[in-house]
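> Turn this into a model:
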Amino acid sequence: VLFTAFLSLVSGLSLLYFAFYPDHLVELLIFLGLGIASIIGAYRYTAGKNPYGYRAFGDLAVFVFFGLIAVLGSYWLHSKAFSFDALSASLGFGFLIVSVLNLNNLRDLEADKVAGKRTLAVILGPQGAKSYQAFLFGFGVFMVSFSYLTAIGWSYALGAILIGTAFFRIMFRISALQGAELDPYLKQVALSTLFLSLLPWVNYLLP
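Predicted coordinates for the structure are as follows:
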């Protein structure tokens, strides 16, 4: 983890230098702070004396760091501008990444409860966590599809909806499963999120 954090810091500093120096020093300092906060957040998630990932704050942290900062922050870094399309995409992917986390926590719910780990899934209980899962994935797909519709066209929004629909059936299967039975679906939810994130690249690869 520390080695990966070091590589992230080095590559991040290089990117900030080329993106902001010397004309945007305030933005450089802001993004440097966000980068350091991301590294600390990644470490403190499950490490340290009081890991917040086991205190029901993991979902919020993942939404902020993997959604808002990762997507909206990256857009700002490259364009020096704000975009509602980027905002809706950051919200959508934030919800989708949290859905991967929640499904993982749902799988480990009983073990986490015994170990005293209070994830949001433990607090909500099995049925509550499954309803939460359906909301996260459904709303995430909706926001990503809306972003694609307004930014790159209806065909990409349709593609996002089709991918979301194909994997949304997972939610119905999850309702009757628990524990290790959820393992195959955890992989499918993660892959569906990956496919949705790669979809815009088609726009740049086509002649």
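
> element containing the residue nearest the centre of the chain, please.
Nearest residue to the geometric centre of the chain (Cα atoms, centre = their mean): Ile97, 3.1 Å. For Ile97, the host element (DSSP states H and E) is helix 84-107.

> what stretches of the protein score poorly on pLDDT?
Low-confidence segments of the chain (pLDDT under 70): 166-169, 171-172, 175-177, 203-204, 206-207.

> Name the single longest helix found in it.
Determined from DSSP state H, the single longest helix within the chain is helix 120-151.

> the inter-axis angle of that helix versus helix 84-107?
Angle, helix 120-151 to helix 84-107, by axes from the mean of the first three to the mean of the last three Cα atoms, to 10 degrees: 150 degrees.

> Who are the packing partners of the very next helix or strand once past helix 120-151?
Heading C-terminal from helix 120-151, the first helix or strand you meet, by DSSP H and E, is helix 154-174. Applying 3 or more Cβ pairs under 8 Å, 6 or more residues apart in numbering; DSSP states H and E, one finds that helix 154-174 makes contact with helix 120-151, helix 183-198, helix 201-205. Any C-beta I mention is one placed from the backbone N, CA and C, and that applies to glycine too.

> Using CSV, please lay out these together with distance to Leu68.
Shown next, in CSV, are the helices and strands packed on helix 154-174 (distance: least, Cβ to Cβ, whole Å):
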stretch, distance to Leu68
helix 120-151, 12
helix 183-198, 15
helix 201-205, 22
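
> okay, these, which one's buried deepest?
When neighbours are counted by mean count of other Cβ atoms under 10 Å, the highest per-stretch mean among the helices and strands packed on helix 154-174 falls to helix 120-151, a mean of 19.

> what residues does stretch 14-25 touch?
Contacts to stretch 14-25, defined as Cβ atoms under 8 Å, 6 or more residues apart in numbering, come from residues Glu27, Leu28, Phe31, Leu32, Gly35, Leu77, His78, Lys80.

> wait, which of the residues you listed is closest to Ser147?
Nearest to Ser147 among the contacts of stretch 14-25, counting by Cβ to Cβ, is His78 at 16.2 Å.

> Skipping its backbone neighbours, what lies nearest that closest one in space?
Computed as Cβ to Cβ, 6 or more residues apart in numbering, the closest residue to His78 that is not its neighbour in sequence is Ala19, at 7.1 Å.

> And for Leu103?
Ranked by Cβ to Cβ, 6+ apart and with sequence neighbours excluded, the top spatial neighbour of Leu103 is Leu186, at 5.1 Å.

> Return the residues in contact with the one you found.
Listed by Cβ under 8 Å, 6+ apart, the contact set of Leu186 reads Val100, Leu103, Asn104, Arg107.

> For the longest helix of the chain, name the packing helices and strands.
On a contact count with 3+ Cβ pairs under 8 Å, 6+ apart, helix 120-151 meets helix 84-107, helix 109-115, helix 154-174, helix 183-198.
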